[in-house]
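1. I would like the atomic coordinates for the input below:
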Amino acid sequence: MAVLNYVWFWPNGGPVGRPWGDGGDVTEDAFARTSRRVTERYSEALGSFDIQARRSAVQMFVSPADTASSVVVDVHLTPVGDETVRAHVPTQVATFSSQDRARVVLEVVDASMRAIGAARGWPLQALEQAKQHVLDHHMGFEMTGAWKMDRARRLRARPVARVADDGWSELCFEVAPARAEGSLGFTQALKSPSNSLPKFKRGAATEFRWASESTIERPDDWQPRYGKAWGPVEVFETSNLHAWPIKLDPVPAHSPLPVELRSR
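-> The predicted structure follows:
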């Protein structure tokens, strides 16, 4: 048995500047990209409940729908341990606001996990808490790494990234006094392929250095890596800091589309 700790939609990445997935469908692409921040936050809570399952993750898929009135979700319960979910999503979801689309994603995840949980004896209260955890964080997801001091030991910095609605993350650095509480601000944000906590921990969370008193460098994750060598680097200036650059719109009270469940 394993501890259930991850939920995700395929595709969870793809080419830059082109739709993710094999079909190039704009509805599938928009839904999958928005799902990154929703499922990462849901998984963050899910992993804390020690739910025993055959596998640690539930994989979900998305397809364009034949109907425009609702999202139809097929939940396949067999074989045990290989449960899969396919959401048939109306084309107008691609034109929704980012938060309306995120609310649709959350309702699909919640309905699917409840259906699987009821069949497997998972604690439904835990699944309710996982959904509320996503709502409490405005359906967004951010990640922070460890602090590092500059060479003069006057400042410290840590990487901060959030998964944006385009499915990639926006990475910047928070700067603070080395020996005092409080933050001085954040550097400019750059697009990063570290769009999940495992990817972030493998690289962006620790791979950076103070190049000078006003410059932080880290490997350019969009470029190929050979061994441990960094290769091309991204540069973050600390001389012109900003307030927290990431803001999310209010959470919609309800999903703009109903979700219909079909268990098989």
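
2. report all helices and strands that the helix or strand containing Val104 contacts.
-> If you go by DSSP states H and E, Val104 is part of helix 98-120. Under the contact definition 3 or more Cβ pairs under 8 Å, 6 or more residues apart in numbering; DSSP states H and E, helix 98-120 sits against strand 6-10, helix 26-46, strand 57-64, strand 71-76, strand 84-89, helix 124-136, strand 259-263. No exception for glycine: its C-beta is placed from N, CA and C like everyone else's.

3. same thing but at 6 Å, please
-> helix 26-46, strand 71-76, helix 124-136, strand 259-263 (3 or more Cβ pairs under 6 Å, 6 or more residues apart in numbering; DSSP states H and E).

4. so which bits of the first one are buried?
-> What that stands for is helix 26-46. Across helix 26-46, burial judged by 16 or more other Cβ atoms under 10 Å covers 27-46.

5. check what pLDDT the residue of the chain most remote from its centre gets.
-> What lies farthest from the middle of the chain is Ala152; by Cα atoms, centre = their mean that is 35.2 Å. Looking at Ala152, its pLDDT stands at 95.

6. what about the closest residue to it other than its chain neighbours, distance to Asp150?
-> Distance criterion Cβ to Cβ, 6 or more residues apart in numbering; nearest residue to Ala152, sequence neighbours excluded, is Glu213 at 6.2 Å. From Glu213 across to Asp150, the span is 6 Å (Cβ to Cβ, to the nearest Å).

7. looking at those two, which has the bigger crowd around it?
-> Asp150 (20 against 12; other Cβ atoms under 10 Å).

8. Ser212 is in contact with that one, correct?
-> No. Applying Cβ atoms under 6 Å, one finds Asp150 not in contact with Ser212, separated by 8.3 Å.

9. just to revisit the earlier point, okay, the helices and strands packed on helix 98-120 in JSON lines with mean pLDDT and distance to Ser183 next?
-> As requested, these are exported to JSON lines (pLDDT from 0 to 100; distance: least, Cβ to Cβ, whole Å):
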{"stretch": "helix 26-46", "mean pLDDT": "97", "distance to Ser183": "22"}
{"stretch": "strand 71-76", "mean pLDDT": "95", "distance to Ser183": "40"}
{"stretch": "helix 124-136", "mean pLDDT": "98", "distance to Ser183": "22"}
{"stretch": "strand 259-263", "mean pLDDT": "90", "distance to Ser183": "40"}
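
10. with distance to Trp244 as extra columns, can I get those in a markdown table?
-> Listed next are these as a markdown table, based on distance: least, Cβ to Cβ, whole Å:
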| stretch | distance to Trp244 |
| --- | --- |
| helix 26-46 | 16 |
| strand 71-76 | 33 |
| helix 124-136 | 18 |
| strand 259-263 | 33 |
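
11. which of those sits closest to Pro64?
-> Nearest to Pro64, of all the helices and strands packed on helix 98-120, is helix 26-46, at 5.0 Å by Cβ to Cβ.

12. angle of the closest one against strand 71-76?
-> Interaxial angle, helix 26-46 versus strand 71-76 (axes from the mean of the first three to the mean of the last three Cα atoms, to 10 degrees): 60 degrees.

13. elements contacting helix 26-46?
-> Contacts defined by 3+ Cβ pairs under 6 Å, 6+ apart place helix 26-46 against strand 6-10, strand 57-64, helix 98-120, helix 124-136, strand 155-163.

14. that's all I had, so thanks and see you.
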